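Novice: Here is the input, now give the coordinates:
(one chain, ligands or ions: 2)
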Amino acid sequence: MQFIYDFEEGRRTDKALLGGKGANLAEMTHLGLPVPPGFTITTECCMTYLKEETFFDTQLKKQILEAIQRLEEKTNKSFTSRESLLLVSVRSGAKFSMPGMMDTILNLGLNDQRVRGFTRTTSLAFAYDCYRRLLQMYGDVVFGIPKEEFYELLEKKEQALGKPADSFFLNEQEELIALYKQQFIAHQRVFPQDPFEQLFEATKAVFRSWNNQRAKVYRELNHIPYHLGTAVNIQSMVFGNSGNQSGTGVVFTRNPATGEHVLFGEFLLNAQGEDVVAGIRTPEPIADLKEKLPTAYADFVHYAQVLEDHYKDMQDIEFTIENGQLYILQTRDGKRTAKAALTIALDLVTEGVITKETALTRISPEMIDQLIHPIFDEQAIKEARLIATGLPASPGAATGVVVFTADAAKEFHNTGKKVILVRQETSPEDIEGMVVSEAIVTSRGGMTSHAAVVARGMGTCCITGCEALTVDEQNKQVKCGELVLTEGDILSVDGTSGNLFLNEIPTVIAENNDDLQRLLAWADEVAELRVRANAETVLDLTTAMDFGATGIGLARTEHMFFGAERVLEMRRLILADSDQEAQDALDRLVTFQQEDFYQMYQTVQDKPMVIRLLDPPMHEFLPHEPNEIRQLARKLGKSPLVVEEQIRRLQETNPMLGHRGCRLGITTPAIYQMQVCAIFTSIFRLLDEGQTIVPEIMIPLIAEEEELLHVKQFLIETIDALFEEAGIEPISYEIGTMIELPRACLIADDLAQEADFFSFGTNDLTQMTYGFSRDDIGKFINSYTEKKIMKSDPFQHLDQKGVGALIRIAVEKARQTKPGMLIGVCGEVGGDPESIAFFAEIGVDYVSCSPFRIPAARLAVAQAALANKKVPIPVTQ
Ligand code: PEP
Ligand code: MG
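Specialist: Residues are numbered from 1 along each chain as shown. Ligands and ions are numbered 1, 2, ... in the order given. Okay, the predicted model is just below:
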């Protein structure tokens, strides 16, 4: 079996076997670039060695010896003799780049004898500098001896002799080397003098470094599977530290922060690669190389262009110059900010290098989120104090003063302060406080809790389920371990990561709007799924339209009862003692709703809009604090004790499984009747003004065909009566249902007989399928993911295996009954790129998500369509 590939043998497509670095070194060798010769030991060897160490001696060693022999022939140098020294570098290189995560050893092959030979072709100072570096790197990587111990020895010796190491005489250099070797002994180790032993041990150490803590954490963070392993690249050394005609550098072919089309990077004269990384000396900007080493600079500019043209993407290139001669040591697609990714992708299309389709695969939906939300300054966040982490419920970044009640939020806001509303959880009563807050943090609740849904709708940054916080709203304080914060203290909230920081952190916003519009217009050209929005306020509807929603997939009417005046009427209705009192409340509510619907239809114009009839259990509209109950009783002219008793009676043991959704419509038809009355009377006005509307009315939480029939029946009767009363020719309208209960999925063929359209409510469907409370999942999901019981929160990423299977069955059954039936998804996963790919695959017509998720969803649906057409989407950018 072939365990080793010379650079001449591999290609860029061999990343799985040769690692990214090895595959690109091979590719560059093919392209005829000045790459020092070498070979790559495959990733498979790493995994085999980690499982069975004897593999190294019994099988791999022989091939390494042969590869070194080939390298000696190619370079016309020797790995063992004291003349014409072949020295090598040993570097790790996994399939996906893991910058700085694994280990490197340079100058390998030097020993006490060979270093003397080396001094004859270089200089005393240079040869010993290389040897010391080898001892230090080898000690660190192979034996775990801290690098600092060697630095200390160097410093002490320089002080003792009163001169820098590059002025040492031979005996002084040798004394210092002896001290370095002594340091190995102090750790019960010996530095091997045999170059082959050095090479074998270094290779094994690089294999082992796949298991070091840094690598593990990086893999975890970037979802890189363990089984991939790392390759080991062994390459003949070129020396950037051999004088002032030499140097080393790292350069991006375009600016990785802004995307600007200029070379961006740094170099150091007379230095080896790790000097740039270590930050001991300050590197110079690459443009200055033009003056210092003009020929090498011109060569570099040329090869940088060759590489970018070849890879058709911005490259991150490492180079070394040895005595004026340029060598390229590495190239890879450069990591970049979201802003740069967008600029570069668009520029490459303009330059004719890539197609629009390829450009769409170069940006991730997460990057789009970064482009439309402010984010914390990268540098500042590194220095900030992280105090807790919760669920990243709504992206964005904000700083403000801590408040604990909606009233306090309003008060502080009115004095011009930015506020962060911190609560155990939020309820509809908090809405006015939420509207004025920069960010919302709750200690309880999941990704689909009230706070999360409302915040996403408003585009307000939000963290939910931040269990490390103990929020005491009464005493206006929040505890987090030892830390106690009170009203007015400053917090910074990162809704994209779920991290909560103490004090202010500056934010930045990418201003790439025109560019983003251009990209998303291309996305719409290839998309098959459409993207609608979940929105009900004029502000949210406008945002949704601006972000390119093709319609509204879910207008939750309960959100329209949140304002103080409306909640009062809703409460009056719920607690009414007489029909008359109930009717009075309904009359006032209908007026509010008429105006709401009128404005909503005006905002969406000719776009479709699904209006969902009331869904939550009634007691969600009622107060629970004694103080608020007393105030309400006073306003309604009732006895507080009676009101308290009424509220108590309305409480349910399992409200999510209780008196809600269409069940409300069945027990209290007057509410749904009031709602359709408001919808249609607002439409009458709009028809009069010349607007064409096909209303889409949706009934929530259907489990039985009879439920749907019953509700539909009285809605139709109400609507017929409205047309008749108004003397208007009836227009066509649609009555559809949410599919959010497992039973509804299984009888979807029957429901499709009666429904004009379906929309999957994946929030409830996930809740009901798993039996996980959508508001309490924050209490345990972290343990589940940490213990690898589940990969992710199913309210954030669709559980394709279970909930997805139900959806697939329902779509198939519905289409058997009505082949062309419109089917959408309006739960939160409708905005999740990973879930969108699944919905595209099973033939859903549209996804619907909160307005601020629309741009990312538009890209995700385009990527799903391209994936079906087999345009490869890179796993990492
Ligand atoms: C759902 O259940 O997925 C849904 C969209 O409805 P709601 O979140 O309002 O219950
Ligand atoms: Mg629901």
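
Novice: ok, which residues in the stretch 451-600 of the chain are in contact with ligand 1?
Specialist: Within the stretch 451-600 of the chain, the positions near ligand 1 by CB under 6 Å from any ligand atom are Leu554, Arg556. Just so you know, the C-beta spots here come from the backbone N, C-alpha and C atoms, and that holds for glycine as well.

Novice: Right, and ligand 1 sits closest to which residue of the stretch 451-600 of the chain?
Specialist: Arg556 (5.3 Å; CB to the nearest ligand atom).

Novice: so what's that residue bridging to?
Specialist: Taking DSSP bridges as the rule, Arg556 bridges to Arg612.

Novice: So for the chain, which residue is the most central one in space?
Specialist: With distances taken as CA atoms, centre = their mean, Glu366 lies nearest the centre of the chain, 4.9 Å away.

Novice: what's around the residue of the stretch 451-600 of the chain closest to ligand 1, how many residues?
Specialist: Using other CB atoms under 10 Å, Arg556 has 21 other residues around it.

Novice: Can you tell me how far it is from Tyr846?
Specialist: Shown here: Arg556 relative to Tyr846, a distance of 17 Å by CB to CB, to the nearest Å.

Novice: swap in Gln583?
Specialist: 38 Å.

Novice: So for the two, which sits in the more crowded spot?
Specialist: Neighbours were counted for Gln583 and for Tyr846 using other CB under 10 Å; Tyr846 has more, 23 against 14.

Novice: What score does the closest residue to ligand 2 within the stretch 151-300 of the chain have for pLDDT?
Specialist: Closest residue of the stretch 151-300 of the chain to ligand 2, CB to the ion: His223 (30.0 Å). Here the pLDDT value assigned to His223 is 81.

Novice: so where do the helices sit in the stretch 301-450 of the chain?
Specialist: Counting by DSSP state H, counting those that start in this stretch, residue ranges of the helices within the stretch 301-450 of the chain are 338-350, 356-361, 365-372, 378-383, 406-414, 431-436, 450-458.

Novice: Would you mind listing what in this structure touches ligand 1?
Specialist: With CB under 6 Å from any ligand atom as the criterion, the chain meets ligand 1 at residues Thr448, Leu554, Arg556, Asp615, Glu740, Gly761, Thr762, Asn763, Asp764, Cys826, Gly827.

Novice: Give me the longest helix you can find in the chain.
Specialist: Ranked by residue count, the top helix of the chain under DSSP state H comes out as helix 579-604.

Novice: So which bits of it are buried?
Specialist: 582, 585-586, 588-590, 592-594, 596-598, 600-601, 603-604 (16 or more other CB atoms under 10 Å).

Novice: Next: stretch 541-559.
Specialist: Neighbour-count burial for stretch 541-559 [16+ other CB under 10 Å]: 541, 543-545, 547-559.

Novice: Of those, which belong to strands?
Specialist: Ile552, Gly553, Leu554, Ala555, Arg556 (DSSP state E).

Novice: give me the low-pLDDT residue ranges for the protein?
Specialist: In the predicted model of the chain, residues 99-102, 221, 275-281, 448, 457, 509-512, 870-877 satisfy pLDDT under 70.

Novice: Quick one: name the residues of it near ligand 2.
Specialist: With CB under 5 Å from the ion as the criterion, the chain comes near ligand 2 at residues Glu740, Gly761, Asp764.

Novice: ok, the second one - how many residues close by?
Specialist: Neighbouring residues of Gly761 were enumerated by other CB under 10 Å; the total is 27.

Novice: Which residues are in contact with Gly247?
Specialist: Gly247 is in contact with Gly240, Phe267, Leu268, Leu269, Asn270, Ala271, Leu289, Lys292, Leu293, Thr320, Ile321, counting by CB atoms under 8 Å, 6 or more residues apart in numbering.

Novice: Unless I misread the structure, Lys62 falls within a strand.
Specialist: No - using DSSP: H, G, I helix; E, B strand; the rest coil, the secondary structure at Lys62 is helix, not a strand.

Novice: residues of stretch 381-392 that come out buried?
Specialist: The neighbour-count check on stretch 381-392 (16+ other CB under 10 Å) flags Ile381, Ala384, Ile387, Ala388, Thr389, Gly390, Leu391, Pro392 as buried.

Novice: Just confirm Ile807 is within a strand.
Specialist: No - with three-state DSSP as the criterion, Ile807 is located in helix rather than a strand.

Novice: and the nearest residue to it once chain neighbours are set aside, what are its phi and psi?
Specialist: Spatial nearest neighbour of Ile807, excluding adjacent residues (CB to CB, 6 or more residues apart in numbering): Phe760 at 5.7 Å. Main-chain torsions, Phe760, degrees, to the nearest 10: phi -80, psi 120.

Novice: Would you confirm that Phe760 contacts Ser835?
Specialist: No - look at Phe760 against Ser835 with CB atoms under 8 Å: they stay out of range, at 10.6 Å.

Novice: Return the backbone torsion pair for the residue lying farthest from the centre of the chain.
Specialist: Ranked by distance from the centre of the chain (CA atoms, centre = their mean), the top residue is Asn171, with 56.7 Å. As for Asn171, its main-chain torsions (degrees, to the nearest 10) stand at phi -60, psi -30.

Novice: now it: how far from Tyr128?
Specialist: The value you get for Asn171 to Tyr128, if CB to CB is used, is 11 Å.

Novice: and what of Glu841?
Specialist: In this view, Glu841 and Tyr128 are 63 Å apart by CB to CB.

Novice: Compare these two (neighbour count), which wins?
Specialist: More crowded of Glu841 and Tyr128, by other CB under 10 Å: Tyr128, with 25 against 14.

Novice: Which residues lie in contact with the more buried one in this structure?
Specialist: The contact partners of Tyr128, by CB under 8 Å, 6+ apart, come to Val115, Thr119, Ala165, Phe168, Gln173, Leu176, Ile177.

Novice: Check which element follows whatever helix or strand it lives in along the chain.
Specialist: Element membership of Tyr128 [criterion: DSSP states H and E] is helix 124-143. Following helix 124-143 in sequence order, the next helix or strand is helix 147-161 (DSSP H and E).

Novice: hmm, back to that, from the contacts of Gly247, list just the buried residues.
Specialist: Gly240, Phe267, Leu268, Leu269, Asn270, Ala271, Leu289, Leu293, Thr320, Ile321.

Novice: between these, which is nearest ligand 1?
Specialist: Proximity of the buried ones among the contacts of Gly247 to ligand 1 (CB to the nearest ligand atom) peaks at Phe267, which lies at 54.8 Å.

Novice: Next up, the contacts around the residue nearest to Ile807.
Specialist: With contact taken as CB under 8 Å, 6+ apart, Phe760 is in contact with Met738, Ile739, Glu740, Ile807, Ala810, Ile823, Gly824, Val825, Cys826, Gly827, Val844.

Novice: Test my guess that the last one contacts Cys826.
Specialist: No - counting by CB under 8 Å, Val844 sits too far from Cys826 to count as a contact (10.8 Å).

Novice: more crowded one of the two?
Specialist: A direct count of neighbours by other CB under 10 Å for Val844 and Cys826 places Cys826 higher, at 29 against 24.

Novice: quick check: domain ranges of this structure?
Specialist: The record's domain parsing of the chain by automatic domain parsing lists 4-236, 238-336, 373-509, 527-617+652-869.

Novice: for the stretch 751-877 of the chain, what spans make up the strands?
Specialist: 757-760, 822-825, 846-849 (DSSP state E, counting those that start in this stretch).

Novice: likewise the stretch 401-550 of the chain?
Specialist: Taking DSSP E, counting those that start in this stretch as the test, the strands found in the stretch 401-550 of the chain are 419-423, 439-442, 461-464, 470-472, 477-480, 483-486, 490-494, 499-502, 507-508, 530-534.

Novice: For Leu709, grab the count of nearby residues.
Specialist: Neighbour number of Leu709 under other CB under 10 Å is 13.

Novice: Phi first, then psi, for it.
Specialist: Dihedral angles (degrees, to the nearest 10) for Leu709: phi -60, psi -50.
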